[in-house]
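> Pasting the sequence and the predicted model now:
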Amino acid sequence: LVFDIQTTVEQAMREYAYGEGFTEMHTPKLMGTASESGAEVFKVGYFDRTAYLAQSPQFYKQMAIAGGIERVFEVGPVFRAEPSFTSRHSTEFTGVDVEMGWIDGVEDVMSFEERMLAHAIAKVAEKHGEKIAEVYGVEVKVPETPFPRLTMAQALETLRAKGWDPEGQKEDLDPEGERALSAHIAEETGHEFVFVTEFPSSVRPFYHMRPADRPDLTYSFDLLWKGIEITTGAQREHRYDVLTKQAAEKGMNLEPLSDYVNAFRYGCPPHGGLGMGLNRVLMVLLGLGTIRDSTFLFRGPNRLTP
C-alpha cells in the first residue's frame, strides 16, 4: 500500500508540473566537486580520482534555468553523508526538486508548491483514502490553499511566548520548535501546513537571495506538515556579482564552484525553487513513526544491506 500511494503521489506531482509547463530533467549524481558543502557528501573512487555523490541537484537545475529551460522538475536520488540517527533522516532518499525561472518573487514558488501538494493529496484521497483509513487509521485531508505563512521572526516570537528557547538564542527551529509551531497553527487556523519564511542569512546557503534593505535575511522558506519539515525553498541569487560576494562572505572557495558561478556570468532570469523529500511526505501522510517505514530498503549510517 505504501508504494501504491508513493506511485500516486509521484504521478500526481508530475502531472501537475507538466500542466504548469515544466520540463522533467535527470541531473548527474556523480560530481567532480562537492555540491553545497564539503562535509555532507560521499566520496567515491572514480578511475584515477575522487568523485562525489550529489547531495542535491540544486546547482544543475539552476544551470538549466540559465541555459533557457525555464521550468525544471526532477524526481531522483539524493545522497547525504550526515551521521543522523533520527526517525526522519536517511543517507539516500528520493528528492522532488523544482526550479522556476522568471518569477516575481519567492511567493511564486510557495504558491506553486501548495497547489501541487493539494493536487497530489486530493489524488491520494480519491484513490486510496478508504484503504488508508482502514490500515493506518488516518484521514487524508485535502488542504485548502493558500497555506498559512509566518516569518521566522514571527515564529520565534510565537514560540518564545510559549516557553520555547528560554535563552532567546536560537535563529532556527529545532524539531521541538517545528512541532510546537505546527500545533499552534493547527489550533489557530485548523491547517496542517505552514510556511516559515525569511530565514536569517546566517543559517541559509550563499545562493539564497537577500532583501536589499535586510541583508541579514533571505527570501527563503521551509514548509512544515504536521510538525515535520518536508521542504526547503528560496528565491536564488541570479546576479553574478552579488552571488560571488555572498559566497566570499560565507568563506567559500569559489574555484571548485567555477562551473556553477560561470552559469550566471552573462545574465540569468530571476528564479527560485524547492527541494522536497518524497519519503518524508509519505511518512507524514500516513502517520508513520519513522522514515524507514516509507522507504523501500532504507539506507542509514549503519545500514547498507540488503
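Arrived safely.

> now the protein, which segments are flagged as low pLDDT?
35-39 (pLDDT under 70).

> ok, now which residue in it is the farthest from the centroid?
Distance from the centre of the chain peaks at D48, with 33.8 Å (CA atoms, centre = their mean).

> all helices of the stretch 1-150 of the chain, in order?
All helices of the stretch 1-150 of the chain, identified by DSSP state H, counting those that start in this stretch, fall at 2-19, 58-66, 106-136.

> Specify the stretch among the ones you listed that is closest to T295.
The closest approach between T295 and any of the helices of the stretch 1-150 of the chain, judged by CB to CB, belongs to helix 2-19 at 8.9 Å. Just so you know, the C-beta spots here come from the backbone N, C-alpha and C atoms, and that holds for glycine as well.

> between the closest one and helix 106-136, how many degrees?
Relative orientation of helix 2-19 versus helix 106-136 (axes from the mean of the first three to the mean of the last three CA atoms, to 10 degrees): 150 degrees.

> tell me how far helix 2-19 is from the chain's mean position?
Relative to the centre of its chain, helix 2-19 is centred 17 Å away, using CA atoms, centre = their mean, to the nearest Å.

> who's in contact with that helix?
24, 71, 73, 75, 96, 98, 115-116, 119-120, 122-124, 127-128, 132, 278, 281-282, 285-286, 293-294, 296 (CB atoms under 8 Å, 6 or more residues apart in numbering).

> if we go to 6 Å?
Residues from elsewhere that reach helix 2-19 (CB atoms under 6 Å, 6 or more residues apart in numbering): 73, 75, 116, 119-120, 123-124, 127-128, 282, 294.

> ok, now stretch 70-89?
By CB under 6 Å, 6+ apart, stretch 70-89 touches 10, 17, 21-22, 24-25, 40-42, 53, 55, 57, 61, 64, 91-93, 95-101, 290-291, 301.

> nearest residue to L223 other than its sequence neighbours?
Among residues not flanking L223 along the chain, T231 sits closest, at 3.9 Å (CB to CB, 6 or more residues apart in numbering).

> That neighbour reaches W225, doesn't it?
No - the pair T231 / W225 is not scored as a contact, 8.6 Å apart, by CB atoms under 6 Å.

> Would you list the phi and psi of the nearest residue to K141 once chain neighbours are set aside?
Nearest residue to K141, sequence neighbours excluded (CB to CB, 6+ apart): E192, at 6.5 Å. The phi/psi pair for E192 (degrees, to the nearest 10) reads phi -80, psi -20.

> ok, now H208?
According to degrees, to the nearest 10, H208 has phi -80, psi 130.

> show me what contacts it?
Applying CB under 6 Å, 6+ apart to H208 gives the contacts 218, 220, 234.

> bridging residues for the second one?
Right, S220. Beta-bridge partners for S220, by DSSP bridges, are A234.

> hmm, back to that, which two of the contacts of helix 2-19 have the greatest separation?
That would be F73 and H128, which, of the contacts of helix 2-19, are the farthest apart (CB to CB) at 23.2 Å.

> Name the residue in those two with the higher neighbour count.
Counted by other CB atoms under 10 Å, F73 and H128 do not tie: F73 has more neighbours, with 23 against 19.

> measure the more buried one to F264 for me?
21 Å (CB to CB, to the nearest Å).

> Also Y240?
4 Å.

> out of these two, which sits in the busier spot?
Ranked by neighbour count (other CB under 10 Å), Y240 and F264 place F264 first, with 22 against 16.

> Could you pull up the contacting residues of the more buried one?
240, 243.

> quick one: secondary structure of it?
coil (DSSP: H, G, I helix; E, B strand; the rest coil).

> Roughly how far does it sit from Q58?
14 Å.

> so how many other residues sit close to V106?
Other residues close to V106 by other CB under 10 Å number 24.
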